[in-house]
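Peer 1: Requesting a structural model of the entry that follows:
(one chain, ligands or ions: 1)
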Amino acid sequence: MKTTKRKIGVIGCGKVGMGFAFATMQSGICDQLVLIDKDMRRAAAEAEDLRHGLCFLPRVTEVYAGDYPDLADADIVLITAGAAQAPGEDRMALLRRNTEVLEEIVGQLLEVHFEGIYLVATNPVDIMARLARQLSGAPARRVIGSGTILDTARLRALVGEFFSLDPKNVHAYVLGEHGESEFVPWSQVSVISKSAVTVCHQHPERFPLASLYELEAKTRNAAAELIEAKGATCYGIATALVRLCDAILSGDNSIFTLSCHTGGAYGLRDIYLGVPAVVDGSGIREIVTLELEADEKEHLRRSAHYLDSMYADIRPQFV
Ligand code: NAD
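Peer 2: Now for the predicted structure:
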């Protein structure tokens with residue numbers, strides 16, 4: 001039976017899962033946090049390690065290693081289980097390995113009649129989110145992939161640095177696949193209520209347009225560079241996911257670029273890819289339809305086509 005306690009489950013206690021768990025404890029966004037990993041000893045040790053910090057935290061979160069029945073009444077289950085991208089490895093190379101992991105996890109969640117929100121971060125995240133929806137049969141609003149939330153955050157940080165502004169004052173989105181075919185619709189990037197491209201045209205010496213456009217490649221390559229240098233990425237995505245879960249639990253109608261079921265938005269019928277969406281307590285409230293330029297629409301269509309062909313590799317009968 002659902003209680004009034006805000007409860008989040010994390011499946012996969014690796015770098016991303018534990019980065020999320022640590023940040024969740026620090027921010028106190030939920031009352032209960034359940035950790036699950038196929039390595040149960042590890043999950044138990046991680047939970048105990050987190051509990052050792054409790055007396056220093058402003059709010060107490062009950063954290064424990066559990067099993068699937070503990071997730072029956074969770075509001076959100078974050079799935080970060082699976083193999084991570086190896087240095088130089090394409091996200092799509094993970095596809096088959098992580099498909100099996102997801103099948104097992106969703107099967108277990110169905111067995112305990114989980115009715116909360118599936119939040120998928122395992123890569124390739126757009127494929128995994130679509131697969132989670134197909135396997136679970138849950139309504140589209142309840143199955144969310146982290147999509148380009150992190151890429152968008154990286155872009156906003158870079159654009160903020162470029163214009164010497166707090167990234168919170170930069171409006172920008174990375175759309176499409178969380179991966180190589182993602183792109184920045186520059187027509188939608190604005191600072192101080194002005195198009196960023198217009199600001200560059202007005203002050204070409206201070207803000208060269210070519211340098212602004214370079215930020216797109218920097219954003220796209222950020223993950224690969226970090227993986228090359230430190231083996232994985234975790235803090236950026238963990239921070240983004242905590243904020244997203246906070247928005248879901250508090251129902252504050254914030255907008256994030258997430259991997260959502262498009263359901264006809266942007267002319268894309270049945271696919272998962274990164275688009276801006278309003279999030280409330282029930283998950284995806286609605287997809288935001290941006291006024292994209294013709295070349296941007298084409299870019300999104302190409303990214304969708306690429307993801308569709310990847311999905312066909314694992315589920316040809318559903319494409
Ligand atoms: P990791 O190897 O550190 O952790 C993965 C964990 O999953 C391990 O503890 C492993 O024991 C567990 N696991 C594997 N199979 C399981 C199963 N069937 N049930 C329960 N637990 C299982 O990996 P990581 O660095 O934490 O990355 C996790 C995933 O997140 C990867 O797919 C990675 O590519 C992805 N990721 C996504 C983003 C994003 O923006 N969406 C960013 C970074 C990483």
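
Peer 1: Next, count neighbours for residue 132.
Peer 2: Counted with other C-beta atoms under 10 Å, residues neighbouring residue 132 total 26. From N, CA and C alone the C-beta is placed, and that goes for glycine too.

Peer 1: any idea of the pLDDT on it?
Peer 2: Per-residue confidence (pLDDT) for residue 132: 97.

Peer 1: need the contact list for it.
Peer 2: By C-beta atoms under 8 Å, 6 or more residues apart in numbering, the contact set of residue 132 is 79, 102, 106, 118, 120, 143, 145.

Peer 1: Which pair of the residues you listed spans the longest distance?
Peer 2: 106 and 145 (13.3 Å; C-beta to C-beta).

Peer 1: For the residue nearest the centre of the chain, grab phi and psi.
Peer 2: In the chain, the residue lying closest to the centroid (C-alpha atoms, centre = their mean) is residue 146, at 1.4 Å. The phi/psi pair for residue 146 (degrees, to the nearest 10) reads phi -70, psi -20.

Peer 1: ok, now which ones touch the closest residue in space to it that isn't next to it in sequence?
Peer 2: Spatial nearest neighbour of residue 146, excluding adjacent residues (C-beta to C-beta, 6 or more residues apart in numbering): residue 121 at 4.5 Å. Residue 121 is in contact with 16, 78-80, 145-146, 237, 241, counting by C-beta under 8 Å, 6+ apart.

Peer 1: Look at the residue of the chain most remote from its centre and tell me its secondary structure.
Peer 2: Ranked by distance from the centre of the chain (C-alpha atoms, centre = their mean), the top residue is residue 205, with 36.3 Å. Secondary structure state of residue 205, per DSSP: H, G, I helix; E, B strand; the rest coil, is coil.

Peer 1: List of residues touching stretch 97-109?
Peer 2: 11, 68, 71, 77, 79, 81-83, 118, 120, 122-124, 127-128, 131-132, 135-136, 314.

Peer 1: Take those and keep only those in strands.
Peer 2: Of the positions in those, 11, 77, 79, 118, 120 sit in strands, assigned by DSSP state E.

Peer 1: Quick check, the residue in this structure closest to the ligand?
Peer 2: At 1.7 Å from the ligand, residue 14 is the closest residue in the chain, using C-beta to the nearest ligand atom.

Peer 1: Considering only the contacts of residue 121, which also neighbour the ligand?
Peer 2: 16, 80, 146, 237 (C-beta under 6 Å from any ligand atom).

Peer 1: Setting aside sequence neighbours, what's the nearest residue to the first one?
Peer 2: Computed as C-beta to C-beta, 6+ apart, the closest residue to residue 16 that is not its neighbour in sequence is residue 80, at 4.3 Å.

Peer 1: Let me know the distance separating the one you found from residue 238.
Peer 2: Using C-beta to C-beta, to the nearest Å, one gets 9 Å for the distance from residue 80 to residue 238.
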